[in-house]
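>>> predicted model and sequence follow; I will ask about them next.
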2 protein chains.
Amino acid sequence: MSARLLNGREVSRVMREKLGTQAQQYSRDFGRRPVLATVLVGDDPASHTYVRMKAAACTEVGIESRRVHLDAGLSTNAVCAEVRALSEDPNVDGILLQHPVPPGVDERAAFDAIDPAKDVDGVTRDSFAAMALGTAGFESATPGGIMRLLDSYAIALSGRHAVVIGRSPILGRPMGMLLLARDATVTYCHSRTADLSSHVESADLVVAAVGSPGLVRGEWIKPGAVVIDAGYADDKGDVDFDSASRKASYITPVPGGVGPMTITTLLEQTVRAARERSMS
Amino acid sequence: MSARLLNGREVSRVMREKLGTQAQQYSRDFGRRPVLATVLVGDDPASHTYVRMKAAACTEVGIESRRVHLDAGLSTNAVCAEVRALSEDPNVDGILLQHPVPPGVDERAAFDAIDPAKDVDGVTRDSFAAMALGTAGFESATPGGIMRLLDSYAIALSGRHAVVIGRSPILGRPMGMLLLARDATVTYCHSRTADLSSHVESADLVVAAVGSPGLVRGEWIKPGAVVIDAGYADDKGDVDFDSASRKASYITPVPGGVGPMTITTLLEQTVRAARERSMS
């Protein structure tokens, strides 16, 4: 093992300390804590766990979380109506709609029912356009968290070749756009890519975000490359850690790499949303 | 010369014939022609020419064009107010804001003053998100035109490696998103890319869209690759045509390749906007 670990847990700890101070200051200034509404549709056990973890992290930094649990059988319209009510509720600063939603619900419609000013998880069309075009808005929490992690280790991005594996609307796609905005040369690979290894072999930075355990093999990694594992299937990463860590200069552990940064970004954006809403 | 020409002029001719019929049918159904408002800010001679060409193409297919010419010295707010008035005008179906706008005007703000339902040139944040996320909306005219050109020659995209050179918000960026939606592996290169030739050498499809005459050299082109030249500086392309056409399987001429397809896409989307607005 020669790679240095990108310790998302430690970076998060430091960031959350600062956020705690900011949340306290907010409470003093406005007489109430910032509020994140979490919306869970249905009974997926993993989604339950994620929502619980996010609520616990809110409490830890002084954000109030309000949990909304909707029945799995609700129609798209009914879910959108609930989300819209939170968008209009003056006492809610940020909204997190836990994904995936049940197959009967149009996820895109439900995401876009979130007021962009409260979209602290960065899932609306508006937030995507903001990341892609550099306008004001929130970032998708996982790619936003990865950018914060890279920055906290002062990893240079300009002119480097970044290969993003995966193209989901809230992870791979915005990840590439955020890296492009920072002047990386960006390649999007995915399930239809003809020769994944050849692309990875030329990458200075690899972000794997597909949920396919062990997909990325150590022998593909260019010596000295930075490897980010945003995989999430069965608690296992997309990257074969042991072999990749012998080639990479920096690598994220799973768990303790990207996961905590995702939640920290959500918290940071919730505090920011509260302040921006109170100022406007 | 071994490459086959991607004849945008001829493909456009056929498409515009069909659009003429559709525009006529629209006029019969709704008692008026589809209307495109063109907005020109300032006196850039090239922009004048483009607007004139687009207005002439409108006339040719039976679209009414309404030309709005604004003073170069107007503020962003004043330009946005004019665009917003057109967005609200029930007699306008589509709006084209000719770019570039003068340096004193915030182009992004002016673009986003266009009602997405009238954004037939595909320049708003909303249209970008639609192209990137696959939701309903209009395409940026040049990348949309390139997709139509590729499709009219039945060029396969799934799993192919596409290299897009340039990342402007209405050309390179949406180009990559449209190719990704069609399952290409997509690399974005740009001015900060460290080794442009190495990326181009691995491309099955190259789209050059920077406005740097002769930037892409024939010796970089993989034998049999498809080469699209969306360059536009001084009427010269980004690709060295003579050398590239000896390696490529298909190549666009400049002029007569991408240019006519851009205008045809604008016309097509104007007719579609008119019909969609009349139906809703």
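Perfect, thanks for sending it.
>>> now do the contacts for residue A:160.
A:184, A:185, A:204, A:205, B:194 (CB atoms under 8 Å, 6 or more residues apart in numbering or on different chains). C-betas here are computed from N, CA, C, even on glycine.
>>> residue closest to the middle of chain A?
Taking CA atoms, centre = their mean, the centroid of chain A lies closest to residue A:142, which sits 1.6 Å from it.
>>> next one: phi and psi at the residue lying closest to residue A:59 once chain neighbours are set aside?
Excluding the flanking residues, the one nearest residue A:59 by CB to CB, 6 or more residues apart in numbering or on different chains is residue A:65, at 6.9 Å. The phi/psi pair for residue A:65 (degrees, to the nearest 10) reads phi -110, psi 140.
>>> how about residue A:65, what does it touch?
Residue A:65 neighbours (CB under 8 Å, 6+ apart): A:35, A:36, A:37, A:38, A:54, A:55, A:58, A:59.
>>> domain ranges for chain A, per the record?
A:29-117, A:141-257 (automatic domain parsing).
>>> among these, show me which one is buried the most.
domain A:141-257 (a mean of 21; mean count of other CB atoms under 10 Å in any protein chain shown).
>>> name the residues of the stretch 101-250 of chain A found near chain B, please.
A:108, A:125-126, A:128-130, A:132-133, A:135, A:158-161, A:167, A:169, A:173, A:176-177, A:180, A:183, A:185-190, A:192-194, A:198-199, A:202 (CB under 8 Å from any CB of the partner chain).
>>> which ones among the contacts of residue A:65 map onto helices?
Among the contacts of residue A:65, the ones falling in helices (DSSP state H) are A:54, A:55, A:58, A:59.
>>> closest one to chain B out of the residues you listed, please.
Within these, the smallest distance to chain B is 23.8 Å, found for residue A:54 (CB to the nearest CB).
>>> residue A:112 reaches residue A:125, doesn't it?
Yes. Between residue A:112 and residue A:125 a contact is recorded at 5.7 Å, counting by CB atoms under 8 Å.
>>> wait, a strand at residue A:186?
Yes. With DSSP: H, G, I helix; E, B strand; the rest coil as the criterion, residue A:186 is located in a strand.
>>> just the helices in the stretch 101-250 of chain A please.
Secondary structure of the stretch 101-250 of chain A, counting by DSSP state H, counting those that start in this stretch: helices at A:107-111, A:125-133, A:141-152, A:172-181, A:196-201, A:241-244.
>>> can you redo those helices as a markdown table with mean pLDDT?
Shown next, in a markdown table, are the helices of the stretch 101-250 of chain A (pLDDT from 0 to 100):
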| stretch | mean pLDDT |
| --- | --- |
| helix A:107-111 | 97 |
| helix A:125-133 | 97 |
| helix A:141-152 | 98 |
| helix A:172-181 | 98 |
| helix A:196-201 | 98 |
| helix A:241-244 | 97 |
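>>> the ones you listed: which one's closest to residue B:80?
Proximity to residue B:80 (CB to CB) singles out helix A:125-133 among the helices of the stretch 101-250 of chain A, at 16.7 Å.
>>> quick one: pLDDT of the residue of chain A positioned farthest from its centre?
Most distant from the centre of chain A: residue A:31, at 29.4 Å, with distances by CA atoms, centre = their mean. Per-residue confidence (pLDDT) for residue A:31: 96.
>>> just say helix, strand or coil for residue A:270.
Strictly by three-state DSSP, residue A:270 counts as helix.
>>> what's around it, how many residues?
A count of neighbours around residue A:270, defined by other CB atoms under 10 Å in any protein chain shown, yields 30.
>>> so it makes contact with residue A:33?
No. Contact criterion CB under 8 Å: residue A:270 and residue A:33 do not qualify, at 10.2 Å.
>>> before we move on, back to that, which residues does the residue nearest to the centre of chain A contact?
Contacts of residue A:142 (CB under 8 Å, 6+ apart): A:170, A:171, A:175, A:209, A:230, A:258, A:261, A:262, A:265.
>>> what sits against the closest residue in space to residue A:137 that isn't next to it in sequence?
Leaving out its chain neighbours, the residue that sits closest to residue A:137 by CB to CB, 6+ apart is residue A:130, at 2.7 Å. Applying CB under 8 Å, 6+ apart to residue A:130 gives the contacts A:116, A:136, A:137, A:138, A:139, B:125.
>>> from the residues you listed, list the buried ones, please.
A:116, A:137, A:138, A:139, B:125 (16 or more other CB atoms under 10 Å in any protein chain shown).
>>> contacting residues around residue A:221?
A:200, A:201, A:206, A:227, A:243, A:244, A:247, A:248.
>>> what's the closest non-adjacent residue to residue A:244?
Nearest to residue A:244 is residue A:218, by CB to CB, 6+ apart, at 4.3 Å.
>>> residue B:44 versus that neighbour, what's the distance?
54 Å (CB to CB, to the nearest Å).
>>> kindly report the same for residue A:182.
On the measure of CB to CB, residue A:182 and residue B:44 end up 31 Å apart.
>>> for residue A:16, same thing?
51 Å.
>>> try residue A:74
53 Å.
>>> strands of the stretch 1-150 of chain A, start to end?
A:4-5, A:35-41, A:64-70, A:94-97 (DSSP state E, counting those that start in this stretch).
>>> adding mean pLDDT and distance to residue A:150, write those strands out as TSV.
As requested, the strands of the stretch 1-150 of chain A are exported to TSV (pLDDT from 0 to 100; distance: least, CB to CB, whole Å):
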stretch	mean pLDDT	distance to residue A:150
strand A:4-5	98	13
strand A:35-41	98	25
strand A:64-70	97	28
strand A:94-97	98	23
